[in-house]
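K.L.:
give the three-dimensional model of this entry:
(3 chains)
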Amino acid sequence: MSRFTGLIPLALVRPFNALGGLLLLVAAMLPWATFLLNDGPFPEKSTLQYFDAPFELTGFRWHLLVFGVVALVTTFVPLRGKDRVLRALGWGGLVIGLVCGYFIAENGGGFGAITAADGASAFGSVVAVLGGLLLILGSMAKPLDEIPEWPTSLFGLTGMAARLEAYAYLIVAFAGVLWLVTQTLTAGGIGGAAFPYAGPIFLAFLGFAGGLLGALHGIGLTRWVSHLSEKHRAFSIIVLLACAFLLPFPFTGAGSQYWMQVAAVIGVYAATAIGLNIVVGLAGLLDLGYVAFMGIGAFVAANLSGAVASQVGLDLPFPVAALIAAVIAGIFGAIVGSPTLRVRGDYLAIVTLAFGEIFTRAAQNNIGELTGGASAIPGVPQVTMFGTAFNEKITLFGAELPSGVLYYFMIVLVVGAIMAVFANLKNSRMGRAWIAIREDEDAARAMGIRTGKAKILAFLVGAMLAGLAGAIFVHKLGTASYDSFKFLESVTLLAAVILGGMGTIPGAVLGASLLFVLPEKLREFDDFRLFFFGLALVFIMRFRPQGLVPDRHRRAELAGETAEGKPIETEEEQAVLEHEERGHAGPSAPKEDRA
Amino acid sequence: MSAAQHRAADTVLEASGVTMIFGGLTALNDVSIRLEEGRIVGLIGPNGAGKTTLFNCLTGLYTPTRGSVRLRGKSLPSDPAKVTSAGIARTFQNIRLFPNMTVLENVLVGRHIRMKQGPIASVFHGPVFRKGEAAARAKSRELLEFVGLRGVETEVARNLPYGDQRRLEIARALATEPEVLLLDEPTAGMNPQETEAARQLIFRIRDTGVSVVVIEHDTKFIFSLCDTVSVLVQGEVLVEGSPETVRDDPRVIEAYLGKPREEVEADVAEAAAQQQREDS
Amino acid sequence: MTTLLQQIANGLVLGATIGLIALGYTMVYGIIQLINFAHGEVFMVGAFGGLAVYRWVLPESVRGDWYISLPAMLVGGVVVAVVIAVLMERFAYRPLRNAPRLAPLITALGVSVALQEAIRLWFPNADAAQPFPRVFIDAQVRLGDVSIPASGLLLIVVSVILAVLLQTYISRSRMGRAMRATSQDRDTARLMGVNPDRVIVLTFVLGATLAGIAGVLYGSFITNVDNSIGFQNGIFAFTAAVLGGIGSLRGAVIGAFIIGLIKSLGGQYMPGGTQYDYVWIFVVLILVLVFRPQGLFGEAERVRA
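P.N.:
Numbering: from 1, shown residues only, chains lettered A, B, ... in the order given. Now for the predicted structure:
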């Protein structure tokens, strides 16, 4: 961002912000489409119905109104971190305006749909985009403020009282998270022919959620909450699990079979992404065939669980089958990782890529009669425990829960367990060894770390987690097909880890959620999915390599902190740095913005 | 005779006849050095004389073309990790910390080989694990205190000032509980006060029973620090002996100290160019 | 016996293709230590560039004359390949030159996926394999019992000639010397007055030129192309470069011919047939990495300390 600092004079900041906020507010009040679109009226009464009820603001228009009011207030009250708040609101408004405007214009066949046509005018999206831009510009006058630090107890309490106070905040915070999650899941409804506007409404909601979280981050709230939750880790985990447990209940709005299905699939991929994060994020080894381990786990579990097509003829209970699947996947992981011990990490990428291709090819050709080939292994039985098949509806506390909810619960527990494994490993002798290898392999060896063993271990653990996820996946789906474990999935998982932030748990979960929900919501863009993932990898590496949720370690490294902290060792290096800063604002250019 | 026996028993590290050839370039030619317990040995010589190459041979990073390196009479494996486990720790000429780990974590990585927790314990964090982890943290804090780094535990290593990074690298090396510590230009780029502090630190390290080998350009520093000094020129040991002997040796004066300033500078420049070729 | 000779001939043609791609891999790796995953896609884009020229540029009347259409398609393929490669270097890789190693690698993967998808989405009808003009294919050259399409023979000849030319250029010319200097030590080369940016761009241009030529010739050899030809052949080419010793031009070409032979002979004589032919290539890759990581002609990597 430093490149743009000083783009506008300081005197213009307040007018820009005020006008920006006002425009967002006005945009919320304006109609958004001049005529009825072919697929029906654009949601939130933003087409012709607008004139029947101009002030009934719902959905994205309500969000814009909130953003506008908050931006106006923030402009005129003293608040630490206000420029970050305004910038976040600006981006939120911009995204909402762009997304809705683009869809209306595209659907309505031109700019007439979002400006003026047939005697009607609808400048909502244009005004929103302008307002957003002004707010963003307003934050570019000077370097951004520091994010304010909050005291642990807001009332200066100590001891038990402070602990209870923190608990209260955490409950509120996680309830907020639960609300945001259900809202995000259900925003725009189910995509597809039934509701053509699922895509834009969902993306607009993401704009709102992003702007909201950004604003909260700007005033230091998110950082404060994460401090609190780190301090009371056990309690946070309990509350988080409780929230996840509450999600399927009817009052959240996400308690339908469809959303349970989506949530379960996201959970499986989140678990896999955390496993990949051990390999890529902690140990710094690029694995491009990771989904093959998931596939191995899936096929092993399918063969051991009494599927009709299985040649093994065993019918093991699910936990045993899942365990064996994980172990076998782990063994493959160790085997695949071992050839590259004597060479640099780059080669690993190719070997894993090759392995992934071999796996797909072998599974497609029904190797050893174990994969069913093109006809897959259908009829993998449902997980059954305590006499209940996991795909049945259940009644809990008087509430009827949708079918698939038991899978959802199981996956929540598994994801929770995998998170704990990741966190524990990261803060242990092994995790430190992995990070040391990532940072400087020669120095790590000079510290006595057997780098070869450590790398194989990273591969083994990552592959085991993928294998476990695969076993769950195949029971949930009922079919094991090579088609589910292709290069596309490996790329998607990698993109999820990188988008979320390498080396962090929330990052992997967030990334997996986004990348697997988006295609659900944006069916009409399904064909472009891979193209966008590819571009996303390029752009994230270029502009935000630390991902959405940066890791404490990686933050400094990937954002290329200012050169001041780092001693300049030789004149040549100095020359390089100077050139780098002068020539092109590369990653080593100073970026005050990275918090 | 008894004196000779005594001396033999006291030898910690002994390199004999170490020769290292890269392609056609002989970086080290029949170099022998001996380190006695509780002593500090200095290595001086112009750039490109092979000092760092010798360190790399001592720590298993390079396998010498000929010759042997023995620690307490046992020859060393050619794997840096195993050499460190055996009891030799080092620092690097260009500081090589783990830049994005915290100060404390850097030292904890040094504790790696002295900790026992395997992957299973690392997953479950049981009571034994926590005890070992707490002990490692306590030891690491102690070492940070020892090298004079206070109140920076949670700083990211790359944000430390230069002198502190050197100290941290020493603390990290000490965390492996070495018998022999190899320091590669520990005072490069330091001001006189920092240099003096480093000298005192090395004495204190020696006093804990660790034997030390130091590479330095600053001859004043070396002569006031070391018990014996070896002068390396063009891959060969030119002179070896007490600081006084070395300082007064005419060959050293000629090869290293006594030339007119301009000539020395020209030599240094040429040596630097050679180093660069060698390093790439 | 005839089968064996025929398979050897097929292997040599494949090897020639892979060799032209592998040269680009090995040059880029030599200079900036980047595994340019997307290089295979440059080859693919080159093939489609040639196809586009044939479809939309060449007038109907000259399409049948191979001595007009083939050079025109080669020029088209090379131009498209070079443009893509230069853009990719400038906007994707150059900003990351001082970033951690993982960053450019991930970017390369992203570029590769995006290019593949872009062709599938926006090249007309390219969601299925596209017939490549049979401008040169009809002639069959017979050597005893073995017959090779003339286009295959051309591919082998061109590949060898280009490899020799490239080797000469890099060892003799002033720019070649600058390239070698940059690959040794970029900072020192800069101090000696070499502009590393220009050298790196030149490296990408040279690699893309070879890949573009390979794309067009390969297309006219196999007579239809799809957007996945770059991915597969790219992996083969990388394997060839590793086998030959990454950074070594001679190694890349020889490695490529070995890989080509392994694939065609493995598909013929090993269990599993052509379904598993490229498993053998990766087995070779893994064996090389385990037993001779520096490759056949590479130098062992020295650790810096």
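K.L.:
got a list of what residue A:279 touches?
P.N.:
A:285, A:287, A:290, A:458-459, A:462 (CB atoms under 8 Å, 6 or more residues apart in numbering or on different chains). Every residue, glycine included, has its C-beta placed from N, CA and C.
K.L.:
and which of those is nearest chain C?
P.N.:
When the contacts of residue A:279 are compared for distance to chain C (CB to the nearest CB), residue A:285 wins out at 8.8 Å.
K.L.:
picking up where we left off before, quick check: the farthest pair among the contacts of residue A:279?
P.N.:
Among the contacts of residue A:279, the pair separated by the greatest distance (CB to CB) is A:290 and A:458, at 12.0 Å.
K.L.:
rewinding a little: with distance to residue A:541 added, can I get the contacts of residue A:279 in a markdown table?
P.N.:
Supplementary listing: these in a markdown table, determined by distance: CB to CB, whole Å:
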| residue | distance to residue A:541 |
| --- | --- |
| A:285 | 17 |
| A:287 | 17 |
| A:290 | 18 |
| A:458 | 22 |
| A:459 | 23 |
| A:462 | 21 |
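K.L.:
pipe those residues into a markdown table and attach distance to chain C and secondary structure per row.
P.N.:
Formatted as a markdown table, the contacts of residue A:279 follow (distance: CB to the nearest CB, whole Å; DSSP: H, G, I helix; E, B strand; the rest coil):
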| residue | distance to chain C | secondary structure |
| --- | --- | --- |
| A:285 | 9 | coil |
| A:287 | 11 | coil |
| A:290 | 13 | coil |
| A:458 | 14 | helix |
| A:459 | 14 | helix |
| A:462 | 15 | helix |
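K.L.:
quick check on these: which are buried?
P.N.:
By neighbour count, with 16 or more other CB atoms under 10 Å in any protein chain shown, the contacts of residue A:279 hold A:285, A:287, A:290, A:458-459, A:462 as buried.
K.L.:
tell me which of the residues you listed is nearest to residue A:168?
P.N.:
residue A:462 (37.8 Å).
K.L.:
give the contact list for residue C:117.
P.N.:
With contact set as CB under 8 Å, 6+ apart, residue C:117 has these partners: A:528, A:530-531, A:534, C:227.
K.L.:
the closest residue to chain B within chain C and residue C:41: what is the separation?
P.N.:
As assessed by CB to the nearest CB, chain B sits closest to residue C:185 within chain C, at 4.3 Å. Separation of residue C:185 from residue C:41 (CB to CB, to the nearest Å) stands at 30 Å.
K.L.:
these two: who's more crowded?
P.N.:
residue C:41 (30 against 16; other CB atoms under 10 Å in any protein chain shown).
K.L.:
hang on, that one packs against residue C:111?
P.N.:
Yes - between residue C:41 and residue C:111 a contact is recorded at 7.3 Å, counting by CB atoms under 8 Å.
K.L.:
where does the stretch 201-350 of chain A have low pLDDT?
P.N.:
For the stretch 201-350 of chain A, the stretches flagged by pLDDT under 70 are A:251-255, A:307-313, A:340, A:342-345.
K.L.:
in it, what residue spans correspond to helices?
P.N.:
Using DSSP state H, counting those that start in this stretch, the helices of the stretch 201-350 of chain A run over A:221-231, A:233-246, A:257-277, A:291-304, A:318-337, A:345-364.
K.L.:
which of the contacts of residue C:117 are buried?
P.N.:
Buried, going by 16+ other CB under 10 Å: A:530-531, A:534, C:227, out of the contacts of residue C:117.
K.L.:
which one of those is nearest chain B?
P.N.:
Chain B has its nearest neighbour among these in residue A:534, at 27.7 Å by CB to the nearest CB.
K.L.:
give me the residues contacting the helix or strand hosting the closest one.
P.N.:
Assigned by DSSP states H and E, residue A:534 belongs to helix A:529-543. The contact list for helix A:529-543 (CB under 8 Å, 6+ apart) reads A:488, A:491-492, A:494-495, A:498-499, A:515, A:518-519, A:525, A:547, C:92, C:95-96, C:99, C:103-104, C:106-107, C:109-118, C:121.
K.L.:
if we can go back for a sec, and the buried ones among the contacts of residue C:117, which two are furthest apart?
P.N.:
Within the buried ones among the contacts of residue C:117, A:534 and C:227 form the most distant pair, 12.4 Å apart (CB to CB).
K.L.:
overlap in contacts of those two?
P.N.:
C:116-117.
K.L.:
hang on, the earlier thing: could you list which of the buried ones among the contacts of residue A:279 also contact chain B?
P.N.:
Checked against chain B using CB under 8 Å from any CB of the partner chain, the buried ones among the contacts of residue A:279 yield no neighbours at all.
K.L.:
I'd like the buried ones among the contacts of residue C:117 written out as JSON lines, with pLDDT added.
P.N.:
Output for the buried ones among the contacts of residue C:117, formatted as JSON lines (pLDDT from 0 to 100):
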{"residue": "A:530", "pLDDT": "83"}
{"residue": "A:531", "pLDDT": "87"}
{"residue": "A:534", "pLDDT": "88"}
{"residue": "C:227", "pLDDT": "89"}
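K.L.:
and which of the residues you listed is nearest residue A:330?
P.N.:
Checking the buried ones among the contacts of residue C:117 one by one against residue A:330 (CB to CB), the nearest turns out to be residue A:530, at 28.9 Å.
K.L.:
can you tell me how far the closest one is from residue C:118?
P.N.:
From residue A:530 across to residue C:118, the span is 10 Å (CB to CB).
K.L.:
pass me the low-pLDDT residue ranges in chain B, would you?
P.N.:
Scanning chain B for pLDDT under 70 picks out the ranges B:1-9, B:255-280.
K.L.:
just send the contacts of residue C:117 back as a markdown table, with distance to residue C:5 too.
P.N.:
Putting the contacts of residue C:117 into a markdown table (distance: CB to CB, whole Å) gives the following:
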| residue | distance to residue C:5 |
| --- | --- |
| A:528 | 47 |
| A:530 | 41 |
| A:531 | 44 |
| A:534 | 42 |
| C:227 | 33 |
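K.L.:
per-residue pLDDT of residue C:296, please?
P.N.:
pLDDT for residue C:296: 81.
K.L.:
secondary structure element for residue A:86?
P.N.:
Using DSSP H and E, residue A:86 sits in helix A:82-108.
K.L.:
centre of the chain to the helix or strand that comes right after that helix, how far?
P.N.:
Next along the chain after helix A:82-108, taking DSSP H and E as the criterion, comes strand A:116-117. Averaging C-alpha positions (CA atoms, centre = their mean, to the nearest Å) puts strand A:116-117 39 Å from its chain's average.
K.L.:
what about the helices in the stretch 1-150 of chain C?
P.N.:
Taking DSSP H, counting those that start in this stretch as the test, the helices found in the stretch 1-150 of chain C are C:2-32, C:39-52, C:66-88, C:102-122, C:150-172.
K.L.:
out of those, which is the most enclosed?
P.N.:
helix C:39-52 (a mean of 30; mean count of other CB atoms under 10 Å in any protein chain shown).
K.L.:
is chain A within reach of that one?
P.N.:
No - Helix C:39-52 is not in contact with chain A by CB under 8 Å from any CB; minimum separation 10.1 Å.
K.L.:
and the angle from that helix to helix C:66-88?
P.N.:
Counting by axes from the mean of the first three to the mean of the last three CA atoms, to 10 degrees, helix C:39-52 lies at 140 degrees to helix C:66-88.
K.L.:
which strands or helices does helix C:39-52 pack on?
P.N.:
Secondary-structure packing of helix C:39-52 (3 or more CB pairs under 8 Å, 6 or more residues apart in numbering or on different chains; DSSP states H and E): helix C:2-32, helix C:66-88, helix C:102-122, helix C:196-222, strand C:224-225, helix C:229-244.
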